[in-house]
Every structure is written in structure tokens, then in C-alpha cells.
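Asker: Quick one, what's the 3D model for this:
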Amino acid sequence: MSFLNLQSVLASQTIQKRTPQKGKRLLEWKPTSSPSSHSSNAVWEGVGSSDLTISNTSDKGDHGLGKFQHLDGEMVMVDSQVYQFRSNGSVSQKGDEDIIAFSQAVFFKPNSHLQFDSLNRRVVLDYLDTSHPGSHNLFRAVKIKGMFQNIKLHVAPKQQH
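Answerer: Just a heads-up that it's a prediction; the model follows:
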């Protein structure tokens, strides 16, 4: 029997219910800590170099995503450990001085824990939809622990400028 543990936290905002005026429903949200280190406009324009290092991200969270210098692979931070996934399929652990172009990090403090004997994409999406109704376009951090035969990740090739 396989064991999977799904933890989630609504990372980019807090939804608060307030007492509505008579006949109205009210849902209020406010941004919470999900800091980023980047110039997103520059990244989207194809400028993939910077002077930011992983250490610029690690003080802003222990879980996150990003891009490396020259958009050379995906940055994935899990439990404060940073990994670089490259388009050739290689994965390597990175250090504080490695340069990144973009990052988004959060201190992962789950507000729910679930255990499953087996898990698939539909189960995860259904759980997220029902656990945070009305938040389809909001960022959420989800951690899934388990044993996997493979992990599929799309990675664009390094910029050649």
C-alpha cells in the first residue's frame, strides 16, 4: 500500500467571512506573505539575467518556484532545499550563491492535512476546489509527499543570448 500525504495552504491571500448587510453575501480577501524576487516584466520580455541569488529568496520562504539565470531551468524549493530542473532532464541541488532570474517563495504553514492510499490529479483538483471555494484564480501552495514512478515537468531550453 502506498502512502501519500497532501498538505495545502492558501498562500497568496486570506479569505475572511464578515457579517454581510441584509440580503447580501460578502467575501473579503487580503494579500498575505508570498514575496517574490524578480522583475516579472523583464522575465516575460525574455530578459533572463540578473544579480539575484538563491539567498535573496531563501529569507522569503522555504517553498517556492522560479527560474535560473538565462532562464536555464526551473527552480524548485522544497523545505529550503533548492533544485534546478533543466530541459535535458537533469536535476541538481543548488547553493545560496547560484543566480536566479525570478522566484516566488512562501513559508509553508499548512492549514489542512489529508492522507490517501492512492492519488491522482483529479483527486487533488477536486480537493482544492472544495477546500477553498471561490478561489479558482488564486495562488495556492500544495505539498504532496509520496513515492512516485516519475514526475513530469515542462522546462523550456536555456536562453541563447
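Asker: packing partners for the lengthiest strand in the chain?
Answerer: Counting residues, the longest strand in the chain under DSSP state E turns out to be strand 99-106. Identification of packing neighbours for strand 99-106 by 3 or more C-beta pairs under 8 Å, 6 or more residues apart in numbering; DSSP states H and E yields strand 36-38, helix 40-44, strand 52-53, helix 54-58, strand 63-68, strand 74-78. C-betas here are computed from N, CA, C, even on glycine.
Asker: hey, least reliable of the ones you listed by pLDDT?
Answerer: Lowest mean pLDDT within the helices and strands packed on strand 99-106: strand 36-38, at a mean of 48.
Asker: Pretty sure Pro110 sits in a strand.
Answerer: No. Counting by DSSP: H, G, I helix; E, B strand; the rest coil, Pro110 is located in no strand; its state is coil.
Asker: Run through the bridge partners of His63.
Answerer: Each beta-bridge partner of His63 is listed here: Val106, as defined by DSSP bridges.
Asker: thought it was touching Val142?
Answerer: No. Taking C-beta atoms under 8 Å as the definition, His63 is not a contact partner of Val142, at 9.6 Å.
Asker: the more surrounded of those two?
Answerer: For His63 versus Val142, neighbours defined as other C-beta atoms under 10 Å are more numerous around His63 (21 against 15).
Asker: Could you check how far the more buried one is from Gln159?
Answerer: 26 Å (C-beta to C-beta, to the nearest Å).
Asker: Check Gly73 too.
Answerer: Gly73 sits 11 Å away from Gln159, going by C-beta to C-beta.
Asker: Looking at these two, which is more packed in?
Answerer: For Gly73 versus Gln159, the count of surrounding residues by other C-beta under 10 Å is larger for Gly73: 25 against 15.
Asker: Quick check: which ranges of the protein have low pLDDT?
Answerer: Low-confidence segments of the chain, defined by pLDDT under 70, span residues 1-50, 161.
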